[in-house]
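just coords:
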Ligand SMILES: NC(=O)c1ccc[n+]([C@@H]2O[C@H](COP(=O)([O-])OP(=O)(O)OC[C@H]3O[C@@H](n4cnc5c(N)ncnc54)[C@H](OP(=O)(O)O)[C@@H]3O)[C@@H](O)[C@H]2O)c1
């Protein structure tokens, strides 16, 4: 498959490494431009491209940048990209350590629903609940005992099917975690978050999740305020 990856940090870099090894053609972008990705390109064979090109390069496009920076992406990033191109969101909202306050999420909107609104494009939520290092190292062949499972949430059945196949290729079971509005069940602070459960454990953890955001995952009055998207 052709896969675009926007963000080349811990998760984006890991996916670039894993997906190129699986034989996919990867187009990777960051905020500093293709020249800064020369080393990753040499290592993996991925093609470094500007963000706009990564959004147009793939049958699947992964957006994997810090949550608050989603607002810095071009407004028309996915304009004209065919509807059947699947967009993956790996994001997590870290109001205290990184992102500052995002009012809609604080008010109860699922994090990926907020991302979807920013991108003006439906997304599938996956890879948000596993450490990058584990994504790199802990994939196992299908049927392996204790194979780690990842929840996959989204509103489009066909898009989820594509993502579930990709998750399996990467060495993980996939559990359909329902619609994007249900995706709070896999957000930071929930039982499934960074737990590395198998499929049965993921189903149980999703069922046990509480929508109430625990204090650790809420903005405080000291959190940086929402900043406007640049014009
Ligand atoms: N780290 C983990 O283990 C992990 C696990 C699951 C989910 N996540 C979530 O996945 C997302 C990415 O996390 P990460 O740890 O991979 O982040 P990271 O290591 O900090 O890397 C962030 C990447 O995003 C790029 N970026 C930032 N702003 C951008 C912009 N406006 N346009 C294009 N690229 C931009 C950065 O490029 P430059 O360096 O050029 O600025 C960098 O390549 C976050 O929401 C995080 O919470 C992380």
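Cool, the structure landed. Every value quoted in this text rests on a predicted model; they were computed, and no experiment measured them.

what sits against the residue nearest to residue 65 when sequence neighbours are not counted?
Once flanking residues are discounted, residue 65 sits nearest to residue 7: 4.0 Å by CB to CB, 6 or more residues apart in numbering. C-beta here means a position set from N, CA and C on the backbone, and glycine is covered the same way. Residues counted as contacts of residue 7 (CB atoms under 8 Å, 6 or more residues apart in numbering) are 29-30, 62-65.

now that we have those residues, which one has the most neighbours?
residue 62 (29 neighbours; other CB atoms under 10 Å).

Identify the residues contacting that one.
Residue 62 touches 3-7, 12, 15, 87-88, 90, 127, counting by CB under 8 Å, 6+ apart.

The residues you listed in helices, which ones?
Assigned to helices by DSSP state H, the following of the contacts of residue 62 qualify: 12, 15.

Does residue 223 fall in a helix, a strand, or a coil region?
Classification of residue 223 using DSSP: H, G, I helix; E, B strand; the rest coil returns coil.

Could you count how many residues lie near it?
Quick note: residue 223 (other CB under 10 Å) scores 17 neighbours.

my guess is it meets residue 101, correct?
Yes. Counting by CB atoms under 8 Å, residue 223 does reach residue 101; the two are 4.7 Å apart.

before we move on, the earlier item: please report how far the residue nearest to residue 65 lies from residue 203.
29 Å (CB to CB, to the nearest Å).

ok, now residue 187?
17 Å.

and the helix or strand containing residue 151, which strands flank it?
Residue 151 belongs to strand 149-152 when assigned by DSSP states H and E. Note on strand 149-152: by DSSP bridges, its sheet partners are strand 173-176 (parallel).

And the average pLDDT for the strand it pairs with is what?
Mean pLDDT, strand 173-176: 98.

neighbours around the residue of the chain found nearest the ligand, how many?
Residue nearest to the ligand within the chain: residue 9 (1.8 Å; CB to the nearest ligand atom). Counted with other CB under 10 Å, residues neighbouring residue 9 total 12.

what's stretch 15-31 in contact with?
Taking CB under 8 Å, 6+ apart as the rule, stretch 15-31 contacts 1-9, 12, 36-37, 40-41, 43-51, 53-54, 57-58, 62, 64-65, 69, 72, 127, 135-136, 139, 169-170.

run the last query once more with 7 Å
Applying CB atoms under 7 Å, 6 or more residues apart in numbering, the set of residues contacting stretch 15-31 from outside is 1-8, 12, 36-37, 40, 44-51, 53-54, 57-58, 62, 136, 169-170.
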